[in-house]
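A.B. asks: this one's sequence-less:
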């Protein structure tokens, strides 16, 4: 009897450690949302005989010299302290460092016209004033070159992370993603090079997946909240189906621009949804009849969060449906991967009598605390 008791205690201890390891692997690494790396958004357009590149980016990350390729959090990079210091500089001080950066990009070269390097000039710079230095600030940088040709290519410098390239002002415009060191296809200045529907569909799947793993910590915690109440297939199926159906609806409506809710409202509510699910796990022993309906309602909020991501990237108008479907499938694959990881780590404990007390409740408490912190943080900032 004593041996059985000792074995049970050891299993409970292993269950707790496994749960903590799971939460740490999915939470600790990407918790610093303030330092999350976002792709540069670049619009290419011909205006008054000049090729204009309008870049929406976090200028400090490029001035700091951080290697952004494959990076999800600037805190994990060498030179992160320089990046943080740059956030405290005034717009005027940052602007003084721009010519050197643009010169480096020109040497790549960033833009070629008919296979010849284009000489770039800085037309306009708009840098947000210093605010909360824990958060990235936006810079709008407009570069231009003489349009002395019929086609252009854009080469995004190695180490610059990802870039979304969008052609504007033409029929059938090109929209694509460039990683650091990659070059776009030759783009006609009069358009006509929109990606195929299948190509866009495939391209947006990893974008959706990446928004869950590793960048979607809030969505990860919500899915784990559904997981910890009951790992039974039927209970999980009801909840995941409700969540998926709901965020698909608002993702589509938000991407179409039919429903627009400011991030200052959506983000705190998403955090509050995490708290709700986690707290209910603490008090409810099984799936209540109303839980799927509530999860559906909360999923509507998460769909608006997904839509804001697509709003930043922009969906190609000619392939709106393939891009939307690809992104949504990527999101679903990310969610299923989270559940699969959770099953592998602690699925063995689900049928133990101590599972709820030693695993589900402590894990839900941690999730609720993180969610509550985000509610406060996102409301106040």
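C.D. replies: Cool, got the structure. Note that the structure is a prediction, hence the values are computed from the model and not measured. Numbering: from 1, shown residues only.
A.B. asks: three-state assignment of residue 352?
C.D. replies: coil (DSSP: H, G, I helix; E, B strand; the rest coil).
A.B. asks: no no, residue 143
C.D. replies: Here residue 143 is strand, with the state taken from three-state DSSP.
A.B. asks: partners of it in the sheet?
C.D. replies: Counting by DSSP bridges, residue 143 is bridged to residue 53, residue 122.
A.B. asks: and for stretch 174-188, what are the contacting residues?
C.D. replies: Contacts with stretch 174-188, where a contact means Cβ atoms under 8 Å, 6 or more residues apart in numbering, come from 39, 44, 68-69, 150-167, 191, 193-195, 200, 203, 207, 314-316. (Each C-beta comes from the backbone N, C-alpha and C, glycine too.)
A.B. asks: please redo it, this time with the cut-off set to 6 Å
C.D. replies: Outside stretch 174-188, the residues that touch it by Cβ atoms under 6 Å, 6 or more residues apart in numbering are 69, 151-156, 158-167, 193, 316.
A.B. asks: tell me the mean pLDDT for stretch 60-68?
C.D. replies: Across stretch 60-68, the average pLDDT comes to 85.
A.B. asks: that stretch: end-to-end distance?
C.D. replies: Its first and final residues considered, stretch 60-68 spans 12 Å by Cα to Cα, to the nearest Å.
A.B. asks: got the contact list for the host helix or strand of residue 164?
C.D. replies: Following DSSP states H and E, one finds residue 164 within strand 163-167. Residues outside strand 163-167 that contact it (Cβ under 6 Å, 6+ apart): 39-44, 154, 156, 173-178, 184, 313-314.
A.B. asks: mind listing what it pairs with, with the direction of each?
C.D. replies: Strand 163-167 sits in its sheet next to strand 40-47 (parallel), strand 175-178 (antiparallel), going by DSSP bridges.
A.B. asks: tell me the mean pLDDT for the first one?
C.D. replies: Confidence for strand 40-47, expressed as mean pLDDT, is 91.
A.B. asks: what are the buried residues along that strand?
C.D. replies: The neighbour-count criterion (16 or more other Cβ atoms under 10 Å) identifies 40, 41, 42, 43, 44, 45, 46 as the buried residues of strand 40-47.
A.B. asks: ok, back up a step: just the buried residues from the contacts of stretch 174-188, in PyMOL please.
C.D. replies: The buried residues among the contacts of stretch 174-188 can be selected in PyMOL (16+ other Cβ under 10 Å) with this line:
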select buried, resi 69+152+153+154+155+156+160+161+162+163+164+165+166+167+193+316
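A.B. asks: and the residue lying closest to residue 377 once chain neighbours are set aside, which helix or strand is it part of?
C.D. replies: Once flanking residues are discounted, residue 377 sits nearest to residue 271: 8.0 Å by Cβ to Cβ, 6 or more residues apart in numbering. Secondary structure from DSSP H and E places residue 271 in helix 263-283.
A.B. asks: which of the residues in that helix are buried?
C.D. replies: Applying a neighbour-count criterion of 16+ other Cβ under 10 Å, one finds 266-282 buried in helix 263-283.
A.B. asks: can you tell me what sits against it?
C.D. replies: By Cβ under 6 Å, 6+ apart, helix 263-283 touches 218, 221-222, 225, 228-229, 298, 301, 304-305, 308, 361, 364, 367-368, 371-372, 374-375, 378-379.
A.B. asks: rerun that using 7 Å as the cut-off
C.D. replies: For helix 263-283, the external contacting residues (Cβ atoms under 7 Å, 6 or more residues apart in numbering) are 218, 221-222, 225-226, 228-229, 298, 301-302, 304-305, 308, 360-361, 364-365, 367-368, 371-372, 374-375, 378-379.
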